[in-house]
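In: okay, predicted coordinates and the sequence, questions at the end:
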Protein chains: 2
Amino acid sequence: MTVAEETGNSPRTRPVLPDVIVREAIRLFGEKSYPVVGMRDLSKAVGVQPGSLYAHISSKEALLMLIVEQGITNYIEAISAAIATDDRADVRLRAGIRAHMRVLAGTTEQTKVTFGQWHYLGPENRSRVLVLRQQYEDLFLTVAQDGIRSGVLRPVPHLKATLLGIIGGLNFAAEWYSPTKSDSPEGIADAIADVLLYGLTAPAGNHSA
Amino acid sequence: MTVAEETGNSPRTRPVLPDVIVREAIRLFGEKSYPVVGMRDLSKAVGVQPGSLYAHISSKEALLMLIVEQGITNYIEAISAAIATDDRADVRLRAGIRAHMRVLAGTTEQTKVTFGQWHYLGPENRSRVLVLRQQYEDLFLTVAQDGIRSGVLRPVPHLKATLLGIIGGLNFAAEWYSPTKSDSPEGIADAIADVLLYGLTAPAGNHSA
DNA sequence: CCTACCGATCGGTAGG
DNA sequence: CCTACCGATCGGTAGG
């Protein structure tokens, strides 16, 4: 019994939001973006008349908000859990990156919407999302600062900018990641983590140029 | 004398596209995104009536195409020039990243539109942009491959994915870079290049944990 | 560059 | 969940 069903006999309760509406909205928003997807497109995908959608959602924006809020929460929960260990900071950073790529691989379309379309929200919803967004960024910032404090990572100038670059690079994977390829999320995550931790430079002394 | 003025007496020539239209379009698309900016918003910003815009542009999409095409060409030209040296690949990679951040700092709004809104173009324009986009990505790919071949850079698994991550990280700077801060584009570029080349790990032997 | 306007489509609602 | 419809706004055009 779901939460919504439990409260089914209280007055004016909106029925359970059918999965198919959220699923099709994620797919359409992810493919074509929020402003160009009309409620008529969504209703066709769901298989009901346009007006019928409003028995389940209060507005188009509320639907976007649901997707974005849940999308970023997925990341916060998975990364929080992955980095909450007693391991060294470099190990925790890698674990965070792995968790990130795992969520991304499992929710690629929702990730595009979450990180690329939150600015279509109105001021109130947008500011609520920015709080979550800050929590998400701080997860990586905290690990990096731990690593610098403990001496495992070197102090980098422009740490914030560097971390935003890393986060941008990770999220951009939503635009090109394809689960059909043999590249596992963990494999890609480890490749990225290796570059971040050890750099692209070859060990000294074996240049041919 | 501009190109358009030279051909001013040939039949059916469209007049010079006024700078103010392109400038305001970049600003509005960058701030609020292409689909939610109406031609009436643009006409208000320019200071003419909505219909008057069509004396200068053929369609809203043509205006977006102009911005995107010119935007990505800015990057291709600057990065091409920066990496066309006889230096070692790691030096050329850094030079490319510096050039990238320099263009980004000078055209932040246009960069947002260029890399974030090209998918609002129709199929024909979109495929032309994807060709340019590929050229742009290949600039970094070529330098990295040179570096690996010459032994300056180590062979990394998922090289393409890694480079796309780097590019994503660089472009994401358009969302947070603020020229008012004292961080120069070169300073940020060097910080990012240092992490990429040398990694975040501290030199061995000085952990406190 | 303006006035005046076109058909199409938008998010959303009333009433069943 | 449906039918029928609302006012508002969209990109773009005709004719000057």
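Out: Perfect, thanks for sending it. Keep in mind it's a predicted model, so treat the numbers as computed, not measured. Residues are numbered from 1 along each chain as shown, chains lettered A, B, ... in the order given.

In: low-confidence regions, chain A specifically.
Out: Scanning chain A with the threshold set as pLDDT under 70 gives A:1-15, A:181-182, A:205-209.

In: mind checking the SS state of A:Pro155?
Out: Here A:Pro155 is recorded as coil under DSSP: H, G, I helix; E, B strand; the rest coil.

In: surely it meets A:Gln145?
Out: No - applying C-beta atoms under 8 Å as the test, A:Pro155 and A:Gln145 come out as separate, 9.7 Å apart. All C-beta spots, glycine's among them, are computed from the backbone N, C-alpha and C.

In: measure the residue of chain A found nearest DNA strand C to chain B for me?
Out: DNA strand C sits closest to A:Gly51 of chain A, with a gap of 2.5 Å, by C-beta to the nearest atom of the strand. For A:Gly51, the distance to chain B (C-beta to the nearest C-beta, to the nearest Å) stands at 23 Å.

In: kindly report the same for A:Ser80.
Out: Counting by C-beta to the nearest C-beta, the gap from A:Ser80 to chain B is 21 Å.

In: so that residue sits in a helix?
Out: Yes - counting by three-state DSSP, A:Ser80 is part of a helix.

In: how about it: what's its closest non-neighbour residue?
Out: Of all residues beyond its chain neighbours, the one nearest A:Ser80 is A:Leu139 (6.3 Å), with distances taken as C-beta to C-beta, 6 or more residues apart in numbering or on different chains.

In: the one you found in helix, strand or coil?
Out: helix.

In: next, count neighbours for it.
Out: Using other C-beta atoms under 10 Å in any protein chain shown, A:Leu139 has 21 neighbouring residues.

In: for it, give its distance to DNA strand D.
Out: Distance of A:Leu139 to DNA strand D, computed by C-beta to the nearest atom of the strand, to the nearest Å: 38 Å.

In: I'd say that residue and A:Ile76 touch.
Out: Yes - contact between A:Leu139 and A:Ile76 holds when scored by C-beta under 8 Å: they sit 7.0 Å apart.

In: if we can go back for a sec, who's in contact with the residue nearest to A:Ser80?
Out: Contact analysis of A:Leu139 by C-beta atoms under 8 Å, 6 or more residues apart in numbering or on different chains lists A:Ile76, A:Ile79, A:Ser80, A:Ile83, A:Gly96.

In: do I have it right that the first one meets A:Gln134?
Out: Put plainly, it is A:Ile76. No - A:Ile76 is beyond contact range of A:Gln134, at 10.4 Å (criterion: C-beta under 8 Å).

In: the two - which one has more neighbours?
Out: Taking neighbours as other C-beta under 10 Å, A:Ile76 and A:Gln134 compare with A:Ile76 leading, 16 against 10.

In: which helix or strand contains the more buried one?
Out: A:Ile76 is part of helix A:60-83 when elements are defined by DSSP states H and E.

In: contact partners of the helix or strand that that helix is followed by?
Out: Sequence order places helix A:89-106 as the next helix or strand after helix A:60-83, per DSSP H and E. With C-beta under 8 Å, 6+ apart as the test, helix A:89-106 has contacts from A:74-75, A:78-79, A:81-83, A:85, A:87, A:111, A:139-140, A:143-144, A:146-148, A:150, A:152-153, A:170-171, A:173-174, A:177, A:179, A:185-186, A:188-190, A:192-193, A:196-197, B:200-201, B:209.

In: CA-only coordinates of helix A:89-106 in CSV, if you can.
Out: This file holds the C-alpha atoms of helix A:89-106, laid out as CSV (Å, rounded to 0.1, in the frame of the first residue of the first chain):
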residue,chain,number,x,y,z
ALA,A,89,40.2,10.7,0.7
ASP,A,90,41.5,9.6,-2.7
VAL,A,91,39.6,6.3,-2.4
ARG,A,92,36.5,8.1,-1.3
LEU,A,93,36.7,10.5,-4.2
ARG,A,94,36.9,7.5,-6.6
ALA,A,95,34.0,5.9,-4.9
GLY,A,96,32.0,9.1,-5.3
ILE,A,97,32.8,9.2,-9.0
ARG,A,98,31.8,5.6,-9.4
ALA,A,99,28.5,6.2,-7.6
HIS,A,100,27.9,9.2,-9.9
MET,A,101,28.5,7.3,-13.1
ARG,A,102,26.3,4.4,-11.8
VAL,A,103,23.4,6.7,-11.2
LEU,A,104,24.0,8.4,-14.5
ALA,A,105,24.0,5.2,-16.4
GLY,A,106,20.7,4.2,-14.8
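
In: near DNA strand D, which residues of chain A?
Out: A:Pro18, A:Val48, A:Gln49, A:Pro50, A:Gly51, A:Ser52, A:Ala55, A:His56 (C-beta under 7 Å from any atom of the strand).

In: show me the helices in chain A, by range?
Out: Listed in chain order, the helices of chain A (DSSP state H) span A:3-6, A:19-32, A:39-46, A:60-83, A:89-106, A:108-116, A:123-150, A:159-176, A:185-198.

In: walk me through the domains of chain A.
Out: According to automatic domain parsing, chain A comprises the domains A:1-58, A:66-198.

In: I'm done for today, thanks for sticking with me.
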